[in-house]
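Engineer: how would this look folded up:
(2 chains)
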Protein chains: 2
Amino acid sequence: MKERGILIVVSGFSGSGKGTLMKELLERYEDRYALSVSATTRKPREGEIHGREYFFLSRDEFEKMIAKDELIEYAKYVENYYGTPRAYVEEKLEEGKDVILEIEIQGALNIKKMFPDALLLFVTPPDADELRRRLVGRGTETMDVIKSRMDRACEEAEGMENYDYLIVNDSLDECVREMHAIIQGEHRRTSRNREFVKRIKEDLERLKGEE
Amino acid sequence: MKERGILIVVSGFSGSGKGTLMKELLERYEDRYALSVSATTRKPREGEIHGREYFFLSRDEFEKMIAKDELIEYAKYVENYYGTPRAYVEEKLEEGKDVILEIEIQGALNIKKMFPDALLLFVTPPDADELRRRLVGRGTETMDVIKSRMDRACEEAEGMENYDYLIVNDSLDECVREMHAIIQGEHRRTSRNREFVKRIKEDLERLKGEE
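Structural biologist: Down below sits the predicted model:
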């Protein structure tokens, strides 16, 4: 029997290099991970492909999925729905793959409530100075742009302490290895191996009885 | 400022290769770990060296350490005291080293109660069959020997589910690397990085105020 995969939620600061990190992780360990693609009712932007960035659905299609409980979580931002289709996630977890959802804080906390075993990872630059540099840029941005990035970062930092691990993105290569190591380590958590513990204990009792 | 080390408790089945594993881990990453040596009032066995296997103390010396709160935990088995001297552990944690205590279940749970941040690792063979082979041996053991090993293994398995991680010792080399990766991953736990989270949040608020 194959060990079931772990449901992994990845959030983080904009400009933390989260996207590149995910891409690299999935390429390097493609047999271990599966990336869940969200569904949304917002219109595709240029270059976005149905089934890659998002599944682009009509409002009606989306609401049908809600009604049939086909989403493991969903939320509405600015008149548009965003959600995570259940079927793909379940199928990949069953196959033993760790399934990665790249979603924001509110969705992440909803997931954790429904799936207490979900692993929440937060991607962050190595320190506040570096975060500041990424927010402020090279002095070529308008005040408005900086202000809006700042507001966004404050929102993103809001629930940081509810995540299980901080993924500190300093060097990409090292960060990918570290993220993989953290996830692999989680597979060894006693709380994820209750069956193993139960089996060893039963076996010992049985052996004792045989003596 | 150096990050404080993690207090690590290692327990496991006799014959799980725990001793070899610790030795290898400490050799391979000697700048990262420190092994705490226990104090005891039992007499040294042949080949045991004061300060290496144990600090061998008189009952009077041991009880003075208890009275002065110089032990972070202690227990009495079969008329002898066993305990963990506080000074060495504190000094090494301050230096940023992860300090390893090799102790049994009761001591481990005492540590966890007093130091909720302690990391509890349990070393086990890969499955019950392998454990059975190690217990029963090659058919050359007396029934008494097997029975006493079996009893001991049952006791050792008792609190397994209270440990944070299972360290599955199949191949030594891989197991050492995995154990190291698990411990390094733990350093990234959000709960161990409250200062970092606080600082980033404060910095963001400050930057926002400056705009």
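Engineer: A:Ile72 belongs to a strand?
Structural biologist: Yes - the assignment for A:Ile72 (DSSP: H, G, I helix; E, B strand; the rest coil) places it in a strand.
Engineer: that one against A:Val89, yeah?
Structural biologist: Yes - A:Ile72 lies in contact with A:Val89 (C-beta atoms under 8 Å); the separation is 6.1 Å. Just so you know, the C-beta spots here come from the backbone N, C-alpha and C atoms, and that holds for glycine as well.
Engineer: just the C-alphas of the helix or strand harbouring A:Val123, formatted as CSV.
Structural biologist: A:Val123 is part of strand A:119-124 when elements are defined by DSSP states H and E. The C-alpha coordinates for strand A:119-124 follow below in CSV (Å, rounded to 0.1, in the frame of the first residue of the first chain):
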residue,chain,number,x,y,z
LEU,A,119,1.2,21.4,5.8
LEU,A,120,1.3,25.2,5.6
LEU,A,121,4.5,26.8,4.2
PHE,A,122,5.2,30.5,4.0
VAL,A,123,7.8,31.8,1.6
THR,A,124,9.7,34.8,2.8
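Engineer: in it, which residues are buried?
Structural biologist: Buried residues in strand A:119-124, defined by neighbour count with 16 or more other C-beta atoms under 10 Å in any protein chain shown: A:119-124.
Engineer: same for the longest helix along chain A, what does it pack against?
Structural biologist: Ranked by number of residues, the top helix in chain A under DSSP state H is helix A:194-210. Contacts defined by 3 or more C-beta pairs under 8 Å, 6 or more residues apart in numbering or on different chains; DSSP states H and E place helix A:194-210 against helix B:128-136, helix B:143-157.
Engineer: quick one: the shortest one near chain A?
Structural biologist: Yes - part of helix B:128-136 sits close enough to chain A to count as contact by C-beta under 8 Å from any C-beta of the partner chain, namely B:128, B:131-132, B:135-136.
Engineer: between these, which sits nearest chain A?
Structural biologist: B:Ala128 (3.6 Å; C-beta to the nearest C-beta).
Engineer: count of neighbours near that closest one?
Structural biologist: Using other C-beta atoms under 10 Å in any protein chain shown, B:Ala128 has 18 neighbouring residues.
Engineer: that one against A:Glu195, yeah?
Structural biologist: No - taking C-beta under 8 Å as the contact criterion, B:Ala128 and A:Glu195 are not neighbours in contact, 11.5 Å apart.
Engineer: do the lowest-mean-pLDDT helix or strand in chain A and chain B meet?
Structural biologist: Lowest on mean pLDDT, DSSP states H and E among the helices and strands of chain A sits helix A:128-136, with a mean of 79. Yes - shown here: helix A:128-136 in contact with chain B (C-beta under 8 Å from any C-beta) through A:128, A:131-132, A:135-136.
Engineer: list only buried entries from the residues you listed.
Structural biologist: A:128, A:131-132, A:135.
Engineer: list just the nearest of the buried residues of strand A:119-124 to A:Asp60.
Structural biologist: Nearest to A:Asp60 among those: A:Leu120, at 32.1 Å, using C-beta to C-beta.
Engineer: list the contacts for that closest one?
Structural biologist: A:8-9, A:11, A:108, A:111-112, A:162-165 (C-beta atoms under 8 Å, 6 or more residues apart in numbering or on different chains).
Engineer: ok, now A:Ala128?
Structural biologist: Counted by C-beta under 8 Å, 6+ apart, A:Ala128 has contacts B:199-200, B:202-204.
Engineer: and those, which is closest to chain A?
Structural biologist: Using C-beta to the nearest C-beta, the contacts of A:Ala128 come closest to chain A at B:Asp203, 3.5 Å.
Engineer: who touches that closest one in this structure?
Structural biologist: With contact set as C-beta under 8 Å, 6+ apart, B:Asp203 has these partners: A:128, A:131-132.
Engineer: redo that, cut-off 10 Å
Structural biologist: A:127-129, A:131-132, A:153, A:157 (C-beta atoms under 10 Å, 6 or more residues apart in numbering or on different chains).
Engineer: what does A:Ser16 give?
Structural biologist: Residues near A:Ser16 by C-beta under 10 Å, 6+ apart: A:122-125, A:130-131, A:134, A:153, A:156, A:167-169, A:175.
Engineer: who does the residue nearest to it when sequence neighbours are not counted bridge with?
Structural biologist: Leaving aside its chain neighbours, A:Ser16 sits nearest to A:Val123 (4.4 Å; criterion: C-beta to C-beta, 6 or more residues apart in numbering or on different chains). With DSSP bridges as the criterion, A:Val123 is bridged to A:Gly12, A:Ile167.
Engineer: hmm, A:Val123 is touching A:Ile8, no?
Structural biologist: No - the criterion here is C-beta atoms under 10 Å, and A:Val123 misses it with A:Ile8 at 11.9 Å.
Engineer: my read is that A:Asn80 contacts A:Pro44, right?
Structural biologist: No - A:Asn80 lies out of contact with A:Pro44 (C-beta under 10 Å); the separation is 11.9 Å.
Engineer: where does the prediction get shaky in chain A?
Structural biologist: Counting by pLDDT under 70, chain A shows low-confidence ranges at A:1-2, A:138, A:211.
Engineer: what do you get if the cut-off is 80, keeping everything else the same?
Structural biologist: A:1-2, A:15, A:127-129, A:132, A:134-141, A:207-211 (pLDDT under 80).
Engineer: one step back: for the residues of helix A:128-136 next to chain B, give me TSV that also has distance to A:Thr142.
Structural biologist: Listed next are those as TSV, based on distance: C-beta to C-beta, whole Å:
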residue	distance to A:Thr142
A:Ala128	23
A:Leu131	19
A:Arg132	17
A:Leu135	13
A:Val136	12
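Engineer: which one of these sits closest to chain B?
Structural biologist: The closest of the residues of helix A:128-136 next to chain B to chain B turns out to be A:Ala128 (C-beta to the nearest C-beta; 3.5 Å).
Engineer: A:Met150 versus that closest one, what's the distance?
Structural biologist: Per C-beta to C-beta, to the nearest Å, A:Ala128 is found 13 Å from A:Met150.
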